[in-house]
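Visitor: predicted structure and sequence below. I'll ask about it afterward.
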Amino acid sequence: MLIAGFPAGPIAANCFVVAPGPNERCVVIDPGQDVMPLLKETLRDHNLKPAAVLATHGHYDHVWSVAPVCGAHDIPAFIHPDDRHMLADPGAALGVSSGSDFFGGAKFTEPSDVRELRDGQRLGFEDVLGIDFVVNHAPGHTRGSVTFRLPGVPDSERETDVLFTGDLLFAGSIGRTDLPGGDTRAIIESLARVALPLPDDTIVLPGHGPQTTIGRERASNPFLRGFRDAGSARPGL
């Protein structure tokens, strides 16, 4: 399994490329702002061809380049229906107009092929990738936030799950809930339902910051330690 990730844009949102190996088709997760040069370099370095784009949620720093990537490769985009409107109107998540100076005059539109995700879905790409993802709806950061889990990925001499958490869970923190569509109770419930049941060795690849594991976060993240310290911790991006 080949998983390549890199931060991009002013607030360093992580974009990931997932493929069975080099010289294969791949899935691009969360192509955000300023991602195109780094994405092209990653695809070239591993000789990969995108088959689909997956969005963990609709915030601009994660979907800025969804339409350009889909258009360049004639591929579909996958997003939860509750966040779909942000593909064409990312300002909705910030309470600003998408034509405002905040976006520097950038124009946003949906790709021509958008497919909606649902909770518990197995997103199969067996025909082009030989892998599939388990989708879990995880609202709280946004109404349509989801995670993508790869079950049983080979890791050295064993297999472990890999969880792409978007802005649900970070190393040492969780996603903020003070933007439109955010809900603190919902994100706590999502963490308890989606993250905590997973094995400790599950690798977490978040939307910002370094990778971690469920076990590490269970032991040290105040939001996962019985949630009793959540009021004194400061959520992340």
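Guide: Yes, it's here. Numbering: from 1, shown residues only.

Visitor: quick one: end-to-end distance for stretch 9-26.
Guide: Using Cα to Cα, to the nearest Å, the end-to-end distance of stretch 9-26 comes to 22 Å.

Visitor: nope, stretch 162-170 is what I was after
Guide: Span of stretch 162-170 from end to end, Cα to Cα: 14 Å.

Visitor: mean confidence score for that stretch?
Guide: Taken as a whole, stretch 162-170 carries a mean pLDDT of 98.

Visitor: show the end-to-end separation of stretch 207-217, please.
Guide: Stretch 207-217 has an end-to-end distance of 15 Å (criterion: Cα to Cα).

Visitor: same thing with stretch 121-139?
Guide: Where stretch 121-139 begins and where it ends lie 16 Å apart, using Cα to Cα.

Visitor: for this structure, which segments count as helices?
Guide: 36-46, 60-63, 66-73, 184-190, 214-220 (DSSP state H).

Visitor: figure out how far the second one is from the centre of its chain.
Guide: Right, the one you point to is helix 60-63. Computed by Cα atoms, centre = their mean, to the nearest Å, the chain-centroid distance of helix 60-63 equals 10 Å.

Visitor: next: the third one.
Guide: With Cα atoms, centre = their mean as the basis, the distance from the averaged C-alpha position of helix 66-73 to the chain average is 17 Å.

Visitor: now do it: which elements does it pack against?
Guide: On a contact count with 3 or more Cβ pairs under 8 Å, 6 or more residues apart in numbering; DSSP states H and E, helix 66-73 meets helix 36-46, strand 49-54, strand 77-79. All C-beta spots, glycine's among them, are computed from the backbone N, C-alpha and C.

Visitor: how about a cut-off of 7 Å?
Guide: strand 49-54 (3 or more Cβ pairs under 7 Å, 6 or more residues apart in numbering; DSSP states H and E).

Visitor: which strands or helices does the strand it packs on pack on?
Guide: The helices and strands touching strand 49-54, judged by 3+ Cβ pairs under 7 Å, 6+ apart, are strand 25-29, helix 66-73, strand 77-79.

Visitor: let me have these in TSV, extended by distance to residue 47.
Guide: Listed next are the helices and strands packed on strand 49-54 as TSV, based on distance: least, Cβ to Cβ, whole Å:
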stretch	distance to residue 47
strand 25-29	10
helix 66-73	14
strand 77-79	23
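
Visitor: got these as JSON lines, with distance to residue 85 and mean neighbour count columns?
Guide: Output for the helices and strands packed on strand 49-54, formatted as JSON lines (distance: least, Cβ to Cβ, whole Å; neighbours: other Cβ atoms under 10 Å):
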{"stretch": "strand 25-29", "distance to residue 85": "20", "mean neighbour count": "24"}
{"stretch": "helix 66-73", "distance to residue 85": "13", "mean neighbour count": "19"}
{"stretch": "strand 77-79", "distance to residue 85": "10", "mean neighbour count": "24"}
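
Visitor: for residue 112, which of the ones you listed is the nearest?
Guide: Nearest to residue 112 among those is helix 66-73; the distance by Cβ to Cβ comes to 7.4 Å.

Visitor: outside of the closest one, which residues touch it?
Guide: 28, 31, 36, 39, 50, 53, 55, 76-77, 87, 109-111, 113 (Cβ atoms under 7 Å, 6 or more residues apart in numbering).

Visitor: strands of the protein, start to end?
Guide: 2-8, 13-19, 25-29, 49-54, 77-79, 114-116, 122-124, 132-137, 146-155, 158-166, 169-170, 173-174, 203-206, 212-213 (DSSP state E).

Visitor: tell me what the fifth one is packed against?
Guide: Judged by 3+ Cβ pairs under 7 Å, 6+ apart, the packing partners of strand 77-79 are strand 49-54, strand 114-116.
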